[in-house]
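[1] Got a predicted structure plus its sequence, pasted below:
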Amino acid sequence: MTDSTRRRLGSGLLALALAAGLAALPASAASAGRPAGPATLTGFAALPAETFLPGSEPSGALLGTAPVNGITPPFADQPVQGFSGVLRNGDGTYDVLSDNGYGNKANSADFLLRIQRIAPDTRTGAVDVVGGIHLTDPKRYVPFPLTRPDRVLTGADFDVESIVRAGDGTYWIGDEFGPWLLHFDRGGRLLSAPVPLPDVRAPENAAGNPNLPSSKGFEGMALAPDKQKLYPLLEGTVAGDEAGVLRLNEFDLRAGRYTERRWKYRLDAPANAIGDAISIDNDRLLIIERDGGQGDTAFTKKLFIADKRDRDRDGYLDKTLAADLLNLADPKNLGGFGPVFRFPFQTIEDVVILDDRTVAVLNDNNFPFSTGRTAGKPDNNEYIEIRLPEKLRADRRVLP
């Protein structure tokens, strides 16, 4: 055997050994951006679509009187719907943020903005509504006219889509009409004037010269583990930016202003949108990315880990798939659809960490419009718990 033959044989054996080694690795190591396997459904509960606050005010008058997916407006009470942000309370309950009402500024003037408190029970599959607070502006911080003279905020005033709880127990809420940051006390009272995002304006912003599409403001907002910084993430692309690229800004809570730091999140497809963004640690976020489909037309409903450190130096947050929400293992048939569970909703806008390997995800049911589960029937608000294929290695300060 010649030396060249020996070298070729040695190289071949080394290649075979490397291939065997890669085959033995979990999928996340063998193929970049892929988890070791599907996430697993570990809990399921649902709040019926037709859930209303008893004794509240009428709503939905601007929807007309024709049935929508079998539901006839207007409604005698306020619907409990449209969950667009979630906070864990530590006692089995969650604060969930209802968005602007019925989809736009023009039809939501009689929908009262509210933080609902819910208690999901995965043993029974039920979700109880156990309280909540309306959002108000009693000290007249909002500089433009409000819908109601009593300063109770409505879906014609703001489109609230993301929420965090600061270290002092107050709420910071991200809006899409400005886009603005809104600071509320524990009772839902506005504490200061809405904070605009410099050089970015939605069509609903009276400042004019919009450069952001309608309903594409702060859909997600992460709170740093030390609770000193906010990271609001736009849902849409600012005019002049690359198609499908979203801005993530940094807001300093102590200084009360935006810093100069900004990152770019690139969607898998320009037509996609984000649904939520929360902190894992100082560098990483959990981000829901989704397409606009529902039911059988839903193809992209994913949970990504996004890293601000940009290790590949391409100018964008690094993305790693954490869970495909259309392909969740369900060996115990908790969801009632067999061994594979799909979360096929048009808008999935809530994620919260339960432990280092478990998260809860909720949908925004766009009552009474979305029909992701059953055609012609309005979606429930579903709450699911999923076990991820790999640990998050999260900062202990974001864990229960």
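    Received, thanks. Numbering: from 1, shown residues only.
[2] Beyond the helix or strand that residue 351 is a member of, next helix or strand please.
    Taking DSSP states H and E as the definition, residue 351 sits inside strand 347-355. Counting by DSSP H and E, the element after strand 347-355 in chain order, helix or strand, is strand 358-364.
[3] residues of the helix or strand just after that next one that come out buried?
    Sequence-wise, the next helix or strand downstream of strand 358-364 (DSSP H and E) is strand 381-387. By neighbour count on 16 or more other C-beta atoms under 10 Å, the buried set for strand 381-387 is 381, 382, 383, 384, 385, 386, 387. Every C-beta, even on glycine, is put in place using the N, C-alpha and C of the backbone.
[4] which element is residue 173 on?
    Counting by DSSP H and E, the element that carries residue 173 is strand 171-175.
[5] Paired strands for that strand, with orientation please.
    Paired with strand 171-175 in the same sheet, following DSSP bridges, are strand 160-165 (antiparallel), strand 180-184 (antiparallel).
[6] still on that earlier bit, name the member of the buried residues of strand 381-387 with the shortest distance to residue 338.
    residue 384 (15.3 Å; C-beta to C-beta).
[7] still on that earlier bit, and of the strands paired with strand 171-175, who's closest to residue 355?
    Nearest of these to residue 355, taken as C-beta to C-beta: strand 160-165 at 18.7 Å.
[8] between that closest one and strand 347-355, how many degrees?
    Calculated by axes from the mean of the first three to the mean of the last three C-alpha atoms, to 10 degrees, strand 160-165 forms an angle of 10 degrees with strand 347-355.
[9] I'd like the distance from residue 156 to residue 217, if you could.
    15 Å (C-beta to C-beta, to the nearest Å).
[10] which one of these two has more residues nearby?
    Here residue 156 and residue 217 are compared on neighbour count by other C-beta atoms under 10 Å; more neighbours surround residue 217, at 30 against 23.
[11] and the gap between that one and residue 173?
    Distance of residue 217 to residue 173, computed by C-beta to C-beta: 11 Å.
[12] Give me the residue at the spatial middle of this structure.
    residue 276 (2.1 Å; C-alpha atoms, centre = their mean).
[13] what residues are up against that one?
    By C-beta atoms under 8 Å, 6 or more residues apart in numbering, residue 276 lies in contact with 85, 86, 162, 219, 220, 286, 287, 288, 348, 349, 350, 351.
[14] What ranges does the stretch 51-200 of the chain have for its strands?
    If DSSP state E, counting those that start in this stretch is used as the criterion, the strands of the stretch 51-200 of the chain fall at 52-53, 78-79, 83-88, 94-98, 114-121, 126-134, 160-165, 171-175, 180-184, 195-196.
[15] any chance of those strands in TSV, with mean neighbour count too?
    Output for the strands of the stretch 51-200 of the chain, formatted as TSV (neighbours: other C-beta atoms under 10 Å):
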stretch	mean neighbour count
strand 52-53	16
strand 78-79	23
strand 83-88	24
strand 94-98	24
strand 114-121	20
strand 126-134	16
strand 160-165	26
strand 171-175	26
strand 180-184	23
strand 195-196	18
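[16] Assess the claim that residue 183 and residue 175 are in contact.
    No: with contacts counted by C-beta atoms under 8 Å, residue 183 stays clear of residue 175, the gap being 11.3 Å.
[17] Test my guess that residue 244 contacts residue 266.
    Yes: using C-beta under 8 Å, residue 244 is in contact with residue 266, at 6.2 Å.
[18] Can you tell me, leaving aside adjacent residues, what's nearest to residue 53?
    Once flanking residues are discounted, residue 53 sits nearest to residue 78: 4.7 Å by C-beta to C-beta, 6 or more residues apart in numbering.
[19] circling back to that earlier point, indicate which one of the strands of the stretch 51-200 of the chain is closest to residue 322.
    Closest of the strands of the stretch 51-200 of the chain to residue 322 is strand 83-88, at 16.9 Å (criterion: C-beta to C-beta).
[20] re the thing from before, roughly how far does the residue nearest to the centre of the chain sit from residue 348?
    When residue 276 is compared with residue 348 (using C-beta to C-beta), they lie 8 Å apart.
[21] same check, this time on residue 301
    The spacing between residue 301 and residue 348, counted by C-beta to C-beta, is 6 Å.
[22] With residue 305 instead?
    Using C-beta to C-beta, residue 305 is found at 16 Å from residue 348.
[23] Compare neighbour counts for those two and give me the winner.
    Neighbour count, other C-beta under 10 Å: between residue 305 and residue 348, residue 348 has more, with 26 against 22.
[24] Just after the helix or strand bottoming out on mean pLDDT in the chain, pick out the following helix or strand.
    Least confident helix or strand of the chain, by mean pLDDT, DSSP states H and E, is helix 27-30 with a mean of 32. Downstream of helix 27-30, the next assigned helix or strand under DSSP H and E is strand 40-47.
[25] For the stretch 201-350 of the chain, which segments count as strands?
    Ranges of strands in the stretch 201-350 of the chain, per DSSP E, counting those that start in this stretch, are 218-223, 229-234, 245-252, 257-266, 273-279, 284-290, 301-307, 318-324, 328-329, 340-341, 347-355.
[26] Can you check which of these gets nearest to residue 129?
    strand 347-355 (15.5 Å).
[27] what pairs with that closest one, and is each one parallel or antiparallel?
    strand 358-364 (antiparallel).
[28] tell me the mean pLDDT over the partner strand?
    Mean pLDDT, computed over strand 358-364, is 98.
[29] tell me the angle it makes with strand 318-324.
    Between strand 358-364 and strand 318-324, the angle comes out at 80 degrees (the same axes, to 10 degrees).
[30] The residue nearest to the centre of the chain bridge partners, please.
    Bridge pairing for residue 276 - DSSP bridges - gives residue 288.
[31] same deal with residue 363?
    Beta-bridge partners, per DSSP bridges, of residue 363: residue 348.
[32] Equivalent analysis for residue 112, please.
    With DSSP bridges applied, residue 112 shows beta-bridge pairing to residue 154.
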